[in-house]
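K.L.:
Fold the following for me, if possible:
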Amino acid sequence: MNRILVLITLSDSGIETIKSNPELPKMEMEFVNQWKQQGILESFFISVSKKDAVIIFKDVDESKTRELIEILPYFPYMEKIEYHNLNKQF
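P.N.:
Numbers count the residues shown, from 1 in each chain. Have a look, this model is predicted:
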């Protein structure tokens, strides 16, 4: 079973912008909840510092995954994004 793991790190200035605009986190979570309802989001983790996130997608390819990440409200504030194609063993 194929999965795509996305590792995201926000920039320091991005975190400050997000903290100063309480609507941004709400808008971001709307996308996450929508993906969960669609069945394409398997897991979502946020670091304690809220600077890093791990997202695991299923049933979508890397191209589609990149499109999904790029529509997120936080996308302009992302300093680093890594995509890893995985085969789930169990």
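K.L.:
Just read off the phi/psi values of the most centrally placed residue in the chain.
P.N.:
Nearest residue to the geometric centre of the chain (C-alpha atoms, centre = their mean): residue 55, 5.0 Å. With angles defined as degrees, to the nearest 10, residue 55 sits at phi -120, psi 130.
K.L.:
Look up how far residue 20 lies from it.
P.N.:
24 Å (C-beta to C-beta, to the nearest Å). (Each C-beta comes from the backbone N, C-alpha and C, glycine too.)
K.L.:
do the same with residue 89
P.N.:
Using C-beta to C-beta, which is the criterion applied here, residue 89 is 43 Å from residue 20.
K.L.:
For these two, indicate the residue with more neighbours.
P.N.:
A side-by-side neighbour count of residue 89 and residue 20, using other C-beta atoms under 10 Å, places residue 20 first with 8 against 5.
K.L.:
for this protein, longest helix please?
P.N.:
Ranked by residue count and defined by DSSP state H, the top helix of the chain is helix 23-38.
K.L.:
what's the following helix or strand after that one?
P.N.:
strand 41-46 (DSSP states H and E).
K.L.:
So what's the gap between that following strand and the chain middle?
P.N.:
Averaging C-alpha positions (C-alpha atoms, centre = their mean, to the nearest Å) puts strand 41-46 8 Å from its chain's average.
K.L.:
helices or strands next to it in the packing?
P.N.:
Packing contacts for strand 41-46, counted by 3 or more C-beta pairs under 8 Å, 6 or more residues apart in numbering; DSSP states H and E, involve helix 23-38, strand 52-58.
K.L.:
Check which residues of that strand are buried.
P.N.:
Residues of strand 41-46 classed as buried under the neighbour-count rule (16 or more other C-beta atoms under 10 Å) are 41, 42, 44.
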